[in-house]
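Q: A predicted structure for the sequence below; I have some questions about it.
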Amino acid sequence: MLTLFVTAGSRSREAFECCMNKTSTRPAVSILKPGRNCWRIEHADRVCFLIDGESYFRAFRSVVANAQRSVFILAWDIDSRLRLLRDDRTHQAPLRLSEFLQWLLKRRRRLHVYLLSWDFAILWSANREWLPIYKLGGKTHRRMHVHLDDRHPVGACHHQKVVVVDGQIAFAGGLDLALGRWDTPQHLPDDPRRIEYSFRSLRPYHDVQMMVSGGAAAALAELASMRWRYATGHAPRRTAIATPASDPWPDGFSPDLENVPVAIVRTQPACDGLPEIREVEQLYLDSIAAARKSIYIENQYLTADRVGAALARCLAQRDGPEVILVLGFNTEGWLGQKIMDTLRVKLIRKLREADRHDRLRVYYPDIPGAGNHYLNVHSKVMMVDERLLRIGSSNLDNRSMGFDTECDLVIEAAGEARIEQAIAHFRDRLLGEHLDVSVEKVAQARAASGSLIAAIETLSGPGRSLKPLEPVLPAVSEAFLDEVRLADPEAPIDPDYLVGRFMPEARYSMAGRRIFRWLLSVTGLLLLVLAWSWTPLHNWLNLSPLAVVISRLQQYPATPLLITTAFVTAGLLAVPLTLLIIVTVLLYGLWVGFIYSLAGVMASAMCGYAAGRLLGRKTLRRLAGSRFSRIIQGLGRRSVLTIIMVRIIPVAPFTLINLGAGVSRTRLRDFLLGTLLGMAPGMLAVALLVDLARASVLSPRADTIILFVAVASFIGVTVYFLGKWLTIRARQAEEDAGNKTESS
């Protein structure tokens, strides 16, 4: 399988040469080179450019409705609730994605559907569907195969957006089958059709997908099959390409091109034995270097360092190409605006410094009436002159260059006038949409001026149009910029280094806060004892009823079992155990109460460990996200000492540590021994304080109060300095890991 990922068949070049027009007016050196900047070049019978979600979802539904043998869907996100159509007409098939696929499987006895979506972390849960495996596959047809892809480096994601039907028609681009993606080219500010369930997509949404048939679709089927096998460990069912009863091309979608070569371009990070593939980045660099007249780019992000440097070199040349960048006014969500927009400003500044000949324009599409809900430019499109067209999933960020899985489709004109005209026409369609003018007007303005920039500025005006983007860099320090760059890596990063750089202060401050709360609780208990002993407080409160209740509970034979059950329940529900320890010591005294509490804590830890083993990493990681992943990594690398340290330093809740140990398959012996040694001293300290406090309250003599103050002070000082020492050791270990990563 690995060789399939890294080798290109000799038929690729043959297909490319067969597609060349023998009557070409001029020879052209090809930018595309299989093995260097693309995987394969395959023949496509027909090609259609689908602009915006309405067009893509309609084409998807029409093609999939005719599926006979197989449907592959690779995506960053898939939502079972997605409505594929938004018109008012009555349709035979259901409109929602999961219902539509179930309806289809019941009518096609040989059909298998494979859904591969990224195994997302809790960070993205607000805008994604919970329990997608159950909603898409677990409660539906046995031939619906659903898997969440977690076979990638820590922090990376599966980002390909590919659909292949029967190996005959395929889609690739920037659109996922998810909520918030549907929109029309009109991008109406308050289009009610964008409202889906509780997800109200206020921002208009712009994206592009390419539909291909023939050999290019068959090659994408091969790619999808390989990705499925790598992610799941199981090969999909082998089926011959179905012979359709009729033309599988959907009605109402005229091809933009016929009989053309299409290149498939990928990014694949090195992971679990798979080699690194950086075709996406290499083709960006080669395409920019080959540009002569213009480079037109639409993209969600603009943070890729090497691509930015290549654009800067172009702009610095005396006779270089015009560079037109169409970006969103800002990215989606607080996190994107805080990190990716900050990095974007820095790169745009570098490009403007290099633009000595005034050939750079950076625009955002402005839609009157949308207010602060600017058009979400999510497309990943690039056109070089009228020579090369690229549509895919790869963003212009470092992640897409070597960290996330990506798939782009590319068409090169190679001197063919008809392909050059199709590329120019598609670019005019995009500009016409953004400028709110016809395609003909864009073509006329471009022909009259001989300049893409001049044409845009001639057609720009009031109302819907392209406006200059003047991003403002927030008031942040260089140290902050160094940190946020790690959110956009171009290659896998050592997990210890990543954790140490991103969350050291949060983690240590969390531990510090818990230690502070412990000391505050001890101080409060001390003050309560002193107040009870030396103030009239003991005359105001009558503890006799409480003493009677405690006496009855002590005599009840099932109380120890109830206490153990309470500890187990509290541990599974992530309820703090300190209160239960206090109650147990009050009931049974220092030593018996301590033993019962320790037994309850160990039983709770065992049940949490078993739950982690049973539920598995994927389910629990979706609930706890990246923090839980870091716990798994830490517990999986070491043994007893690790368990002792995480029990002493409160860097994670008791329940998460139990689950993480079970998922990481820490040896049970090490887990139990580490828990016993890590928890017992602290529990004994709590039990001793509670017992002394009880004695001081019931018998407020000077000696008992002095003993309580001395023990409380000793425990407080010990906890403070122990926590400080362990925190320093943890920081030193992370710095060593960081130095090791940077030197490598």
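A: All right, it came through fine.
Q: can I see the domain layout of the chain?
A: 2-28+48-186+201-266, 277-485, 495-535+545-743 (automatic domain parsing).
Q: any idea which of those domains scores lowest on pLDDT?
A: Of all the domains of the chain, the minimum mean pLDDT falls on domain 495-535+545-743 (a mean of 64).
Q: which other helices and strands does the helix or strand that H147 is a member of contact?
A: Applying DSSP states H and E as the criterion places H147 in strand 144-149. When contacts are defined as 3 or more Cβ pairs under 8 Å, 6 or more residues apart in numbering; DSSP states H and E, strand 144-149 packs onto helix 97-107, strand 112-118, helix 132-133, helix 215-232. The C-beta positions use only the backbone N, C-alpha and C, and glycine is treated the same way.
Q: dump those into CSV; add distance to R86 and mean neighbour count as well.
A: Formatted as CSV, these follow (distance: least, Cβ to Cβ, whole Å; neighbours: other Cβ atoms under 10 Å):
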stretch, distance to R86, mean neighbour count
helix 97-107, 13, 19
strand 112-118, 22, 24
helix 132-133, 22, 20
helix 215-232, 27, 22
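Q: let me have the ones you listed in CSV, adding distance to L580 as columns.
A: Listed next are those as CSV, based on distance: least, Cβ to Cβ, whole Å:
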stretch, distance to L580
helix 97-107, 43
strand 112-118, 40
helix 132-133, 35
helix 215-232, 43
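Q: L431: which of the ones you listed is closest?
A: L431 sits nearest to helix 215-232 of all those, at 26.4 Å, using Cβ to Cβ.
Q: now the angle from that closest one to strand 144-149?
A: 70 degrees (axes from the mean of the first three to the mean of the last three Cα atoms, to 10 degrees).
Q: relative to helix 215-232, how tilted is the helix or strand following helix 215-232?
A: Next along the chain after helix 215-232, taking DSSP H and E as the criterion, comes strand 257-268. Using the same axes, to 10 degrees, the direction of strand 257-268 lies 20 degrees away from that of helix 215-232.
Q: helices and strands around strand 257-268, which ones?
A: helix 11-19, strand 40-51, helix 215-232, strand 277-278, helix 279-290, helix 398-402, strand 406-412, helix 417-435.
Q: next, the buried residues of it.
A: L257, V260, P261, V262, A263, I264, V265, R266, T267, Q268 (16 or more other Cβ atoms under 10 Å).
Q: give me the neighbour count for the closest residue to the first one other than its chain neighbours.
A: Closest residue to L257 apart from its sequence neighbours, by Cβ to Cβ, 6 or more residues apart in numbering: V47 at 4.3 Å. A total of 24 residues lie near V47 under the criterion other Cβ atoms under 10 Å.
Q: pretty sure V437 sits against L459.
A: Yes. In this structure V437 lies within contact range of L459 using Cβ atoms under 8 Å: 5.4 Å.
Q: turn the helices and strands packed on strand 257-268 into CSV, including distance to G167.
A: Below are the helices and strands packed on strand 257-268 laid out as CSV (distance: least, Cβ to Cβ, whole Å):
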stretch, distance to G167
helix 11-19, 16
strand 40-51, 12
helix 215-232, 4
strand 277-278, 22
helix 279-290, 22
helix 398-402, 26
strand 406-412, 16
helix 417-435, 25
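Q: for those, which one sits closest to S451?
A: Using Cβ to Cβ, those put helix 417-435 closest to S451, at 12.9 Å.
Q: who touches the very next helix or strand once past that closest one?
A: Per DSSP H and E, helix 417-435 leads on to helix 439-449 as the next helix or strand towards the C-terminus. Identification of contacts with helix 439-449 by Cβ atoms under 8 Å, 6 or more residues apart in numbering yields A424, H425, D428, R429, L431, G432, L435, L452, A454, A455, T458, L459.
Q: check which residues of the helix or strand following helix 439-449 are buried.
A: Next along the chain after helix 439-449, taking DSSP H and E as the criterion, comes helix 452-459. By 16+ other Cβ under 10 Å, the buried positions in helix 452-459 come out as L452, I453, A455, I456, E457, T458, L459.
Q: next, the angle from helix 452-459 to helix 439-449.
A: 120 degrees.
Q: what angle do helix 452-459 and helix 417-435 make?
A: 40 degrees.
Q: with only the CA atoms kept, save helix 452-459 in PDB.
A: Below are the C-alpha coordinates for helix 452-459, written out as PDB (Å, rounded to 0.1, in the frame of the first residue of the first chain):
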ATOM      1  CA  LEU A 452      -6.300  42.000 -14.300                       C
ATOM      2  CA  ILE A 453      -5.800  44.600 -11.600                       C
ATOM      3  CA  ALA A 454      -7.000  47.400 -13.900                       C
ATOM      4  CA  ALA A 455     -10.100  45.400 -14.800                       C
ATOM      5  CA  ILE A 456     -10.900  44.900 -11.200                       C
ATOM      6  CA  GLU A 457     -10.400  48.500 -10.200                       C
ATOM      7  CA  THR A 458     -12.500  49.700 -13.200                       C
ATOM      8  CA  LEU A 459     -15.400  47.500 -12.200                       C
END
